[in-house]
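[1] missing the sequence, but the structure's below:
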């Protein structure tokens, strides 16, 4: 079994798994080797706060297919989630998000609901049988060989898409260098937005609208900005960031101000899009923007940041993009919009991730797009044990 690639090597399979599960997967790895499939596998554990090893990045880039041994603890590994995300995005750019991914469950009794993203639940997956079941191993090897044969190039040859524009106009930001503890939340958000794409699995349909909720400073804006950076191939039309300015507002008692904020946010986007507005169209800016984008015939990502809680449904819908134009993410401190959109509650980071974030020099949970002074979730009494982080 080859453990690491040479510079010019071409591999069939990148085997993604929790290193503690090595004994469980070794019979399959041996069978793959005997069958002549070249497998890249990392035997060294990536510690919780280490960067993703360069040899893992290079290994994945030179493989045709990622095989994920999706045990119940798979989603808890930052390295595994990075590997899965990279293969998923490569597949999306080729027109099929799961094209580069094969999933193996360790136990069929666990069902499929723990598989993230939700696209994996609707696909075909393999089950790891008892190591002594030669027939089961042979079937698994044959299925993986067939998947590999359909792929003629390595994952690294998928040319990254050019990020779409960001409105209001600004340079499309790069991913945060140390995005800590939220990879699973990114998948939860992605699945919430696209449940309607898999109605047979989810039993749901309808437009992609999700609301990330949580305390002030918990990291809502950072999460959605990171999502926009990582999943931009899904939204070739670009990103529209609408600041709703919910901090300090009191909902229905300030509806006129809320409407003024909406008009101002859309007016800025309209100016950047080059939309010329007559004076009598001042109250129809959002419609002008949506009609303009509709002619581009591309999907956009709309982010409505910091929407105040307890707004009337008709006011909230005024911020949401039409389904044929946009997928919409809302961030809000209150959980009041479940009747309109799917909610993605965001909790505080666990103590270890919070310490890592502090050591990385993070600005806290606040996005680079919106840094306002507000109470931090880490300073609230929420019943959790507090911990002093060294060097933070």
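    Arrived safely. Because the structure is a prediction, the values reported are computed rather than measured.

[2] lowest-confidence helix or strand of the protein?
    helix 199-202 (a mean of 44; mean pLDDT, DSSP states H and E).

[3] show the subsequent helix or strand relative to that helix.
    strand 209-213 (DSSP states H and E).

[4] buried ones in that following strand?
    In terms of neighbour count (16 or more other C-beta atoms under 10 Å), strand 209-213 has its buried residues at 209, 210, 211, 212, 213. Glycine gets a C-beta too; all of them are placed from N, C-alpha and C.

[5] closest to residue 102 among those residues?
    For the buried residues of strand 209-213, the residue nearest residue 102 by C-beta to C-beta is residue 210; the value is 27.8 Å.

[6] is that closest one in contact with residue 194, as I believe?
    No. Shown here, residue 210 and residue 194 do not form a contact pair, counting by C-beta atoms under 8 Å, at 9.3 Å.

[7] shouldn't residue 37 be within a strand?
    No. Applying DSSP: H, G, I helix; E, B strand; the rest coil, one finds residue 37 to be coil, outside a strand.

[8] thinking again about what came up before, okay if I get the buried residues of strand 209-213 as CSV plus pLDDT?
    Converted to CSV, the buried residues of strand 209-213 look like this (pLDDT from 0 to 100):
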residue, pLDDT
209, 92
210, 94
211, 94
212, 95
213, 94
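
[9] and the residues you listed, which is closest to residue 89?
    Looking across the buried residues of strand 209-213 and measuring by C-beta to C-beta, the closest to residue 89 is residue 210, at 18.8 Å.

[10] tell me the contacts of the closest residue to the closest one other than its chain neighbours?
    By the measure of C-beta to C-beta, 6 or more residues apart in numbering, the closest residue to residue 210 outside its immediate chain neighbours is residue 192, 4.1 Å from it. Residue 192 makes contact with 210, 342, 343, 344 under the criterion C-beta atoms under 8 Å, 6 or more residues apart in numbering.

[11] make it 7 Å
    Counting by C-beta atoms under 7 Å, 6 or more residues apart in numbering, residue 192 makes contact with 210, 342, 344.

[12] need these in CSV (columns: distance to residue 255).
    Below are these laid out as CSV (distance: C-beta to C-beta, whole Å):
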residue, distance to residue 255
210, 24
342, 25
344, 26
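
[13] helix/strand/coil for the nearest residue to residue 75 once chain neighbours are set aside?
    Setting aside the residues directly before and after it, residue 75 is nearest to residue 184 in space (C-beta to C-beta, 6+ apart), at 5.3 Å. Counting by three-state DSSP, the backbone at residue 184 sits in helix.

[14] so what's residue 184 up against?
    Shown in contact with residue 184 (C-beta under 7 Å, 6+ apart): 75, 81, 116.

[15] what do you get for residue 211?
    Neighbour list for residue 211: 330, 332, 337, 341, 343, 344 [criterion: C-beta under 7 Å, 6+ apart].

[16] what's the closest of these to residue 142?
    Taking C-beta to C-beta as the measure, residue 344 is the one of those closest to residue 142, at 38.7 Å.

[17] give the partner strands of the helix or strand hosting the closest one in its sheet and their orientations.
    In the assignment (DSSP H and E), residue 344 maps to strand 342-345. Within its sheet, strand 342-345 is paired with strand 209-213 (parallel), according to DSSP bridges.

[18] distance from the strand it pairs with to the middle of the chain?
    Its chain's average C-alpha position is 13 Å from that of strand 209-213, according to C-alpha atoms, centre = their mean, to the nearest Å.

[19] check which helices and strands the helix or strand following it sits against.
    Next in sequence after strand 209-213, counting helices and strands by DSSP H and E, comes helix 220-230. Helices and strands touching helix 220-230, by 3 or more C-beta pairs under 7 Å, 6 or more residues apart in numbering; DSSP states H and E, are helix 183-193, strand 209-213, strand 300-305, strand 326-332.

[20] now the ones you listed in JSON lines, with distance to residue 13?
    JSON lines is the format used below for those (distance: least, C-beta to C-beta, whole Å):
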{"stretch": "helix 183-193", "distance to residue 13": "22"}
{"stretch": "strand 209-213", "distance to residue 13": "33"}
{"stretch": "strand 300-305", "distance to residue 13": "32"}
{"stretch": "strand 326-332", "distance to residue 13": "32"}
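
[21] what pLDDT does the nearest residue to residue 154 once chain neighbours are set aside get?
    Excluding the flanking residues, the one nearest residue 154 by C-beta to C-beta, 6+ apart is residue 62, at 5.1 Å. Looking at residue 62, its pLDDT reads 90.

[22] could you number the chain from 32 rather than 1 from now on?
    Let's use 32 as the start, then, which means that last one is residue 93.

[23] surely residue 93 meets residue 184?
    No. At 10.4 Å, residue 93 does not count as touching residue 184 under the criterion of C-beta atoms under 7 Å.

[24] distance of residue 241 from residue 372?
    6 Å (C-beta to C-beta, to the nearest Å).

[25] next, name the residue at the spatial heart of this protein.
    residue 217 (3.4 Å; C-alpha atoms, centre = their mean).

[26] got the end-to-end distance for stretch 315-335?
    Start to finish, the residues bounding stretch 315-335 are 18 Å apart (C-alpha to C-alpha, to the nearest Å).

[27] so what touches that stretch?
    Under C-beta under 7 Å, 6+ apart, the answer for stretch 315-335 is 255, 259, 266-273, 275, 294, 297-298, 300-301, 304, 306, 308, 312, 349-350, 352-353, 355-361.

[28] follow-up on the earlier one: what is the nearest of the contacts of residue 223 to residue 124?
    residue 241 (22.5 Å).

[29] quick check, pLDDT for residue 387.
    With respect to pLDDT, residue 387 scores 48.

[30] I should have written residue 136 there, sorry.
    pLDDT, residue 136: 86.

[31] need the pLDDT of residue 46.
    The model's pLDDT for residue 46 equals 96.

[32] and the one helix or strand residue 346 maps to, which residues are buried?
    Per DSSP H and E, residue 346 falls inside helix 344-348. Within helix 344-348, the residues that qualify as buried are 346, 347, counting by 16+ other C-beta under 10 Å.
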